Structure formats: structure tokens, C-alpha cells
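> Could you work out the structure for the sequence below:
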Amino acid sequence: MPERPELVRGVVLEPLPNGIFRVELQNGAKVLAHVADRLGTHFTRLRAGDRVQVELAERDHSRGRIRQVDR
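Residues are numbered from 1 along each chain as shown. So this is what the prediction gives:
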């Protein structure tokens, strides 16, 4: 069974077109992230300043998937 990637906390800097968001991670890195399928089905609206948890892509650490919203 594949291991689950770790989640990294971050803050949404700005929403971009087509459901992509620019997120700044705790370590200062900025990544492009899209909303995970589970969150997208519940129509979660994200705005600048929202705290999120991002799962980084294995091969490209400049892209990720927003897995959880911390309100």
C-alpha cells in the first residue's frame, strides 16, 4: 500500500483562474495548488488569507493539491 504524502501548512496568497491558487507554505516557498476532488465536491470557496494544508507533488515541489482548509 502506498504511503500518504505529508501535508504542509500554508496560506492562500491569491486565487488564479481555473481553480488554481498561489499558496505560501510555512517554509516560505510559494507553490501553485488546486483543490482536491473531495473539497471540490462540497464547493469550498477559498480567498486570500485562508489557511490550508497542501499535499506536494512527488516530482515537482512547486505544485500541490489543497487537501484541507483550516478555518
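> dump the residue contacts of residue 63.
With contact taken as CB atoms under 8 Å, 6 or more residues apart in numbering, residue 63 is in contact with 31-33, 56-57. For the C-beta atoms, the positions are set from N, CA and C on the backbone; glycine is no exception.
> let's see 6 Å
32, 57 (CB atoms under 6 Å, 6 or more residues apart in numbering).
> What about residue 31, how many residues nearby?
21 (other CB atoms under 10 Å).
> I'd guessed it sits against residue 64; true?
Yes - counting by CB atoms under 6 Å, residue 31 touches residue 64, with 5.0 Å between them.
> ok, residue 13 touching residue 21?
No - the criterion here is CB under 6 Å, and residue 13 misses it with residue 21 at 7.7 Å.
> The two: who's more crowded?
Set residue 13 next to residue 21 and count neighbours by other CB under 10 Å: residue 21 wins out with 23 against 14.
> Pretty sure that one sits in a strand.
Yes - the assignment for residue 21 by DSSP: H, G, I helix; E, B strand; the rest coil puts it in a strand.
> quick one: contacts for it?
Neighbours of residue 21 in contact, by CB under 6 Å, 6+ apart: 12, 15, 33.
> with those in mind, which one is nearest to residue 51?
Nearest to residue 51 out of the contacts of residue 21 is residue 12 (CB to CB; 8.0 Å).
> Report the contact partners of that closest one.
21, 23, 46, 48, 50.
> Just the element for it, please.
Here residue 12 sits within strand 7-16, counting by DSSP states H and E.
> Can you point out the buried residues in that strand?
When burial is assessed from 16 or more other CB atoms under 10 Å, strand 7-16 yields the following buried residues: 7-8, 10, 12.
> same deal with stretch 51-65?
Of the residues in stretch 51-65, those buried (16+ other CB under 10 Å) are 52-56, 64-65.
> Now do the end-to-end distance for it.
Distance between the boundary residues of stretch 51-65 (CA to CA, to the nearest Å) amounts to 14 Å.
> can you check stretch 38-53 too?
Stretch 38-53 end-to-end distance (CA to CA) = 14 Å.
> No more questions from me, cheers.
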